[in-house]
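*Asks:* structure for this input, please:
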Amino acid sequence: MSSRVPSAGPDGPLLPEDIDVAMTDETQRSARPLGKAELLALPPHDLTPSILAISLDSMRETDLLLSAGELLRSGKVADTRLARVIVDIAMDKGCAAWTEAEASLLARLGRERAGPWEDLPAGELSKAIGGLNEDAQVVLQSWTAVQVASQRLASFEAIWPSSSSSTRVEQGTSHDEASGVEGGEGVEVDDPWAEDQAEAIELDDPWETGSTRSTRSARSHPAAADHSSDTVPTSSQPPPVPLSKFLTEPIPVVALELASSASLEALSALRRRHPAELFPCRLSILETIPAWVPPAELHSAVLLPSVDEDGHETKWPTDSTLTLNDILRDYFSPPPPDVASRNLLTAEELSTWYEGRLSSLDKMGLLDLQLGWVQHAASLSVPSLDSIGEDLSLLSRLVYDSDLTPAQQSRWTLHSWRSSSPSDIVSAYLSNSTSDSIVPDIRRLVMPYLYVLESRAERSGQPDADLVNRLLYEVILGLPLHLALPVFEASKATLPKSERVVADDMAVARLALACLYGSDQRNVWATMSSIFECLPVWELSGANPEDDSELTSTTLDSIAAFVRPSVTSPKPPRAKDLFVFFKPLPFASLSRALDILDVHLESGEALARWDVPVQLRFLLQSARDAREQAELAEKMVRRATAGASGGITASSRGGAGTEEARWSRLWDDMIKLNGSGDALLRGAFGMIRGDEMMRIYLGGLLRSGKFDVARKMVRRLEAEHGLSTHLLEEIVLDTSRELYENAENGNIHTGEMKLAYDCLTIAPASPATHKEREFIEATSRLTSFSVTSPRSGGLMSPVEIRHTKNKLDLVRLVLRSSKDAYKHDELMLDLADKLGYRGDPVARGEVLGILAESATLAGEWDAAYDHVQGAVEVARDVHKRLGREKRRSAGADSDRRAHAPVHGHAGEAGPSGSASGASHSHSHASTLQAEDVRVRDVAWRTALSLGTQQDFSDVARRQTLLGWAVELAPASHLHEILPAWRSLEDGAHRLSAAAKRRRVAGITTSHARNRSGGSAGSIGVGGRGAGAGAGAGAEERVLGSRTAARAARMARDLGDRWGIHSPLGISSPRLGGLGAALARTASRDSTGSTRSTRERPGSTDPTTRSTAAAESGSGSGSARWDRVEAAGEGAGAGAGAGTTRSSLEGETDRPIAAALGGLGEDDVERVRRGARRALVKGVGWLLGAEESEIA
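*Replies:* The predicted model follows:
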């Protein structure tokens, strides 16, 4: 075995004598050659140069090449010295075997070693290799692997020289080797070149001419040379790719790893040393480099693709000829399939790749790098990136020069820029502009962008000369007013055109009109006035004012209709929309529109002084709408009522006269806003009439409660503006009612109710104001009763009182809420009068009826009786007035008929006046007729209700009540009354029988007891209270009952004579159920005469019998009715005052008084009068007599 141990040195493979020096005696004694299997199984840390040298040197050539190749591919070799030992020994000893195998392959291929090899088909090489013997194939594959490893090792040493010269063997050494193989000479095996570390390592470039490398070195290491520029600067950091991976992985994979770690210098050196292997995956390598790496560094590393003069991608420089070694390398080590490879690209394809690269950077927001990529691409002749370059340049101005916030900056990318509209981009340019910077921002940011758009339109073949102005106008129309003001100031007509933002004066006027009328702002009148002051003024000589006025009016009307909100367009229009309307106006119409704008600005300022801010376009849309103007005036006055100063302060007026001055100033401003002359040049209240203005103004002044100021202003308005008394009264009444309904309670002494009451004193006294005052007083009285609302359950509010349809329901609520209110009948009647029923007999009758009901519920029979009597008197009074009116009307009709020929012959004036008087008379009669029906209905129902109360023990009064009911009830309702009368009569009969039994039994009752205890001894219908102590009171009720029975019998007799029959077998359309009731209470003799009252023993009165016979005998109907009417008048008077007697009284009271056991004549007479009056009334109605004739 040879004693040579090949090792790597600075100048090439070590010579035998070098190996001998490097080995120690102990190593020589302990070292033994290892077989192929043992060597491959050895752990990495046990691999040393000596073991490798001894083991490889002992193998035959084929095994040596195979072992060397497998060792290099195993990944165990992580040190350049070990790799160099393996490579040098394998190439030194395996050269002969390679030469023999190469010759065999060339023979099969039929080619020379020098080539050419570019046209060799892949299948032919595979076929030729397959025809070789196994050893030859192993030699070819192993030699190719060793040769590739030699090239890789040379590249690694060239790229990272410090690592290859100073790193220790990763696997480590044994203790003996560490102490030195030849300790006597002091040489360390781990660092055999320690004495040469200070010397620079020079590597030769195999492609460089004039190499100084020795012949032996060039033969042994054909790929070990490199440019000095391939050396990466020395660093303490380890290489990004370890040697074991660098030798085993394909070069594209190694390049991708270097790219991912941004090792650009190593990657550039690797590109220069292995261009053929890396060029197909160049784009994948670039895409693997981190995005944050500046493109300038990639350009310096010559990694960016470029375009040549032919319009194709520039190819990397490589060897001009292809060798057999290259063919075998690609055959045995093909490129990895997961690494994308691309052939040469065209210029368009390369532009597309650059755009994709920019898009990937866009997602990260790396705008600076995007600009750098575009700039370097342009320097590398990549076409079609000018537009992207412009966009990136403009985008960089937006991001870095527009003072955007971080949040705003994050929104803007190349993609968002290219997908945004020009208006959005301009808005972004000016998003953070101020009043001071808006004009410079437009000039340095917006205008360059607009010019770029214009040039692009020209380049695209679609030039647009108006594009810059159109977009600039859109910019101005989209500005808020405080930013638009500096733009208009920079566009004044007094400035040179070259210095203006907008050079066209008419465009400035149109823009101002659109901006002002399209603004949503309300309290910027000073800014609006400043914009107006910047507008031009034109000389209108030679123009037709009428034509201009008509055109302007039409335009403004169109705008007013356009800006008015509707269901279809609820959103207000923008300034851009209004600009369309002003654009066609000539300068004369524009001048007139500016005059109107001036009026509107003055109106807006006046409204703002009174805290009524409005949008300027509202003044335009309401210019022809009186209703909207009135609402605005009302709002202005209400704000003044709430305390708006209108510019008047206490200090400016001395304090005392502030209120008067404030309200006077308000009226002055309202007059100015009303204006005069041309309707278009009037103010905000130009469509409101003078009387309506005074109504709105005085209404607000009265609501404020400043009545002293109000009186002074009323005198001023009367003197200066002709305020009429009628209008003043309407204003006062309307204001008082509004204050009334806004009041929280009805207390007349506090709050808005007091204002409502005092407000009525401003107008002169009149029935209307007096009625309203009374209603307020009634409301306060109702409040004092704490009336409960039937809806809410709480106290009734003034609004509920006002809107109660039937105000008499309020009286019912008072009686319901107060236990003794019925005792104060005058108070309740006065309350009804003040509620609006003064002079209304129907309401008075209803109130008395309500009081009677309330007293009945409380058991106060006397009070109830008095209230019913009052209702009956009201009904009689209405009935009498109705009769008089009918008689007067009948007389008037007779007179008209008598004089009709005369008037007809004389002319038409007489009949017309007569017809008018007749119409009025009939109308009054109809009103009285309706009142009569209503009040009688209330009276008879109330009387019937009280008369049928079982607990009411005064039979005489109950009979009187039922008599009133019969008197007042219509004929169709008599059947409702007579059953109660019969029941009351039956009870009286039972009382009479009981009295007789007491007399027979000798039970007497003293007169004094009867006089003092009559009320207690009274017995009601149905026998209530019957028993001891009935006495003469019972006899009195018997007499009253018999009198009523006699009246009923007479009524039945008259009905039989006149053919009026009862339902019991006899048809009677007038009597209804009355006949049956009469049949049960009376009997009839065979001669048809009515029998007189049942006579008590010892009591006969021929006068009575003769009177009854006379009344029931035969004779004319008129004679009978005359007697009945006379009797009715006497009965009515007797029942009302107790002073007259009826002509029907043919019987004396003395036997009756004696029969009643000493009862007083007054009591007896009262019973008789009541019964007879009821009889006469009832019979009269049954006979069909007129009400006036019975009354």
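*Asks:* correct me, but residue 882 touches residue 926?
*Replies:* No - if you go by Cβ atoms under 8 Å, residue 882 and residue 926 don't touch, sitting 10.2 Å apart. C-beta: built from backbone N, CA, C; applies to glycine.
*Asks:* more neighbours, the two?
*Replies:* Set residue 882 next to residue 926 and count neighbours by other Cβ atoms under 10 Å: residue 882 wins out with 22 against 11.
*Asks:* now the host helix or strand of the more buried one: average pLDDT?
*Replies:* Secondary structure assignment for residue 882, by DSSP states H and E: helix 861-906. Over the span of helix 861-906, the pLDDT mean works out to 79.
*Asks:* tell me what that helix is packed against?
*Replies:* helix 825-832, helix 841-858, helix 909-947, helix 955-968, helix 1187-1190 (3 or more Cβ pairs under 8 Å, 6 or more residues apart in numbering; DSSP states H and E).
*Asks:* give me whichever of those is most buried.
*Replies:* When you average the neighbours per residue for each of the helices and strands packed on helix 861-906 (mean count of other Cβ atoms under 10 Å), helix 955-968 leads with a mean of 27.
*Asks:* next helix or strand past it?
*Replies:* For helix 955-968, the succeeding helix or strand toward the C-terminus, using DSSP H and E, is helix 974-1000.
*Asks:* ok, now how distant is residue 566 from residue 573?
*Replies:* Counting by Cβ to Cβ, to the nearest Å, the separation of residue 566 from residue 573 is 11 Å.
*Asks:* then residue 157?
*Replies:* Plainly put, residue 157 is 79 Å away from residue 573 if you go by Cβ to Cβ.
*Asks:* more crowded one of the two?
*Replies:* residue 157 (23 against 19).
*Asks:* against residue 87, how distant is that one?
*Replies:* To residue 87, residue 157 is 11 Å away according to Cβ to Cβ.
*Asks:* repeat for residue 666
*Replies:* From residue 666 across to residue 87, the span is 109 Å (Cβ to Cβ).
*Asks:* same question for residue 252.
*Replies:* With distances taken as Cβ to Cβ, residue 252 is found 22 Å from residue 87.
*Asks:* compare those two (neighbour count), which wins?
*Replies:* The neighbour comparison of residue 252 against residue 87 (other Cβ under 10 Å) goes to residue 87, with 29 against 23.
*Asks:* list the residues that contact that one.
*Replies:* Taking Cβ atoms under 8 Å, 6 or more residues apart in numbering, we find residue 87 in contact with 68, 72, 146, 149-150, 153.
*Asks:* equivalent analysis for residue 789, please.
*Replies:* So residue 789 contacts 795-797, 800 (Cβ under 8 Å, 6+ apart).
*Asks:* could you measure from it over to residue 837?
*Replies:* Counting by Cβ to Cβ - residue 789 and residue 837 are separated by 21 Å.
*Asks:* now residue 561
*Replies:* 51 Å.
*Asks:* same question, residue 724
*Replies:* 30 Å.
*Asks:* related to what we said a few turns ago, got a winner among the contacts of residue 87 for most neighbours?
*Replies:* So for the contacts of residue 87 (other Cβ under 10 Å), the most neighbours sit at residue 68, 28 neighbours.
*Asks:* verify the stated contact: that residue with residue 89.
*Replies:* Yes - Residue 68 is within contact range of residue 89, at 7.1 Å (criterion: Cβ under 8 Å).
*Asks:* returning to that earlier point: residue 724 and residue 837 - which one has more neighbours?
*Replies:* Using other Cβ under 10 Å as the criterion, residue 724 and residue 837 rank with residue 837 on top: 19 against 12.
*Asks:* can I assume residue 146 is in contact with residue 69?
*Replies:* Yes - with contact defined as Cβ under 8 Å, residue 146 and residue 69 form a contacting pair (5.9 Å).
*Asks:* quick check: neighbours shared by the two?
*Replies:* residue 90.
*Asks:* quick one, what contacts residue 674?
*Replies:* Neighbouring residues of residue 674 by Cβ under 8 Å, 6+ apart: 682-683, 685-686, 688, 690, 693.
*Asks:* restricted to helices, list those residues.
*Replies:* 690, 693 (DSSP state H).
*Asks:* just among the contacts of residue 674, which is most surrounded?
*Replies:* Going by other Cβ under 10 Å, residue 685 tops those with 27 neighbours.
*Asks:* quick check: that one vs residue 671, distance?
*Replies:* From residue 685 to residue 671 the distance is 9 Å (Cβ to Cβ).
*Asks:* now do the shared contacts for those two.
*Replies:* Common neighbours of residue 685 and residue 671, counting by Cβ under 8 Å, 6+ apart, are residue 693.
*Asks:* only alpha carbons, please: show whichever helix or strand residue 708 is part of as PDB.
*Replies:* In the assignment (DSSP H and E), residue 708 maps to helix 707-721. Only the C-alpha atoms of helix 707-721 are listed here, as PDB (Å, rounded to 0.1, in the frame of the first residue of the first chain):
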ATOM      1  CA  PHE A 707     -98.400  92.300  27.000                       C
ATOM      2  CA  ASP A 708     -97.100  95.800  27.700                       C
ATOM      3  CA  VAL A 709     -94.800  95.600  24.600                       C
ATOM      4  CA  ALA A 710     -97.700  94.000  22.700                       C
ATOM      5  CA  ARG A 711    -100.000  97.000  23.400                       C
ATOM      6  CA  LYS A 712     -97.300  99.400  22.100                       C
ATOM      7  CA  MET A 713     -96.700  97.300  19.000                       C
ATOM      8  CA  VAL A 714    -100.400  97.100  18.400                       C
ATOM      9  CA  ARG A 715    -100.600 100.900  18.400                       C
ATOM     10  CA  ARG A 716     -97.700 101.100  16.000                       C
ATOM     11  CA  LEU A 717     -99.200  98.500  13.600                       C
ATOM     12  CA  GLU A 718    -102.500 100.300  13.700                       C
ATOM     13  CA  ALA A 719    -100.800 103.500  12.800                       C
ATOM     14  CA  GLU A 720     -98.300 102.300  10.200                       C
ATOM     15  CA  HIS A 721     -99.800  99.200   8.700                       C
END
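*Asks:* helices or strands up against it?
*Replies:* helix 658-674, helix 690-703.
*Asks:* right, and residue 266 touches residue 159 too?
*Replies:* Yes - assessed by Cβ under 8 Å, residue 266 is found in contact with residue 159 at 5.1 Å.
*Asks:* and the strands in the chain?
*Replies:* For the chain, the strands defined by DSSP state E occupy 8-9, 12-13.
*Asks:* now the helices for the stretch 251-400 of the chain?
*Replies:* Applying DSSP state H, counting those that start in this stretch to the stretch 251-400 of the chain gives helices spanning 251-260, 264-273, 275-278, 282-288, 295-300, 324-332, 347-362, 367-379, 386-401.
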